[in-house]
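Colleague: Need the 3D shape of this:
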Amino acid sequence: MILNIETTADVCSVSLSEGNEVKALKESAEGHSHATMLTVCAGELLSEAGLAVSDLDAVSVSMGPGSYTGLRIGVSTAKGLCYGAGVPLLAVSTAEVLVQAFLAAHAGDVGPDWRLAPMIDARRMEVYTALYDREGTPCSEVHAEIVTADSFSEALAAGPVAFFGPGAMKCAGILTPDTARFYDGIRASAAAMATLSARALQERRWCDVAYFTPFYLKEFMATTPRKKW
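Modeller: The predicted model follows:
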């Protein structure tokens, strides 16, 4: 059994999975509640399943890119659980989690020549993104992209591209070719981590608990709050 943790966006999400199957899921959509709700949700899941952390095969965390604070909370909690119980730590790409969430909802829409483009919201018209084939296999590296009318031009010229995730809809008015397909409501969730986590466990892609860090992609940039008069 694997405990999956997803905290890269607004929803705090935890699941228990065995193989490719999700056995239980708890989520909190109370904004910015990750620090308080993550351990509560994880504890409730384990208690209801009659499990201790030491009974797990691994703890898997969605490693980013995403919210800087959310990533820190998710990764530090996962590392703490693994260190305390002596179980392996796994990490899966947040972009690939979004791909799995999209395929779970819309696999029937996807043709053989389609490309999938998860979009994680960044500043203004910037997103973190990559291209995947219809099976979820990466075709490019995850990178930061400032979206313009020319973005994804090669992929869009070759066939349909599905854009989804929390950064997708802000790009709908910019990417206008007929081959651009936009899907709203797709978000990263621990419910979409099971297949990725099972594969990482099978391949023994264990992370070093002491030295593993989130995939921030870009350095955190602090801003100064505006004065309130």
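Colleague: Geometric centre of the protein: which residue is closest?
Modeller: With distances taken as Cα atoms, centre = their mean, Thr94 lies nearest the centre of the chain, 2.5 Å away.
Colleague: Let me see the contact set for that residue.
Modeller: Thr94 makes contact with 6, 8, 62-66, 120, 188, 215, according to Cβ atoms under 8 Å, 6 or more residues apart in numbering. Yep, even glycine has a C-beta here, placed from its N, CA and C like the rest.
Colleague: State whether Leu156 is indeed within a helix.
Modeller: Yes. Counting by DSSP: H, G, I helix; E, B strand; the rest coil, Leu156 is part of a helix.
Colleague: List the residues that contact it.
Modeller: 175, 177, 179-180.
Colleague: Just send those residues back as a markdown table, with pLDDT too.
Modeller: Converted to a markdown table, the contacts of Leu156 look like this (pLDDT from 0 to 100):
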| residue | pLDDT |
| --- | --- |
| Leu175 | 97 |
| Pro177 | 97 |
| Thr179 | 98 |
| Ala180 | 98 |
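Colleague: Just the buried ones from the residues you listed?
Modeller: Among the contacts of Leu156, the ones that count as buried by 16 or more other Cβ atoms under 10 Å are 175, 179-180.
Colleague: about what we covered before: could you check how far the residue nearest to the centre of the chain is from Gly111?
Modeller: Computed as Cβ to Cβ, to the nearest Å, the Thr94 to Gly111 distance reads 25 Å.
Colleague: Ala158 now?
Modeller: Distance from Ala158 to Gly111, by Cβ to Cβ: 12 Å.
Colleague: Where do the helices of this structure begin and end?
Modeller: 34-49, 68-85, 94-106, 153-158, 194-202 (DSSP state H).
Colleague: The ones you listed: which one's closest to Ala58?
Modeller: helix 194-202 (5.3 Å; Cβ to Cβ).
Colleague: picking that back up, looking at Ala158 and Gly111 now, which is surrounded by more residues?
Modeller: Shown here are Ala158 and Gly111; by other Cβ atoms under 10 Å, Ala158 has more neighbours (12 against 9).
Colleague: nearest residue to that one other than its sequence neighbours?
Modeller: Using Cβ to Cβ, 6 or more residues apart in numbering and skipping the chain neighbours, the partner closest in space to Ala158 is Asp113 (7.2 Å).
Colleague: what number of residues lie near the one you found?
Modeller: Asp113, neighbours per other Cβ under 10 Å, totals 11.
Colleague: contacting residues for it?
Modeller: So Asp113 contacts 158-160 (Cβ under 8 Å, 6+ apart).
Colleague: In this protein, where is pLDDT below threshold?
Modeller: For the chain, the stretches with pLDDT under 70 are 31-32, 219-229.
Colleague: Break it into its domains for me.
Modeller: According to automatic domain parsing, the chain comprises the domains 2-94+189-202, 95-183.
Colleague: now the nearest residue to Lys23 once chain neighbours are set aside, which residues is it bridged with?
Modeller: Distances taken as Cβ to Cβ, 6+ apart place Leu16 nearest to Lys23, at 4.7 Å, with adjacent residues excluded. Applying DSSP bridges to Leu16 gives these bridge partners: Leu3, Ala24.
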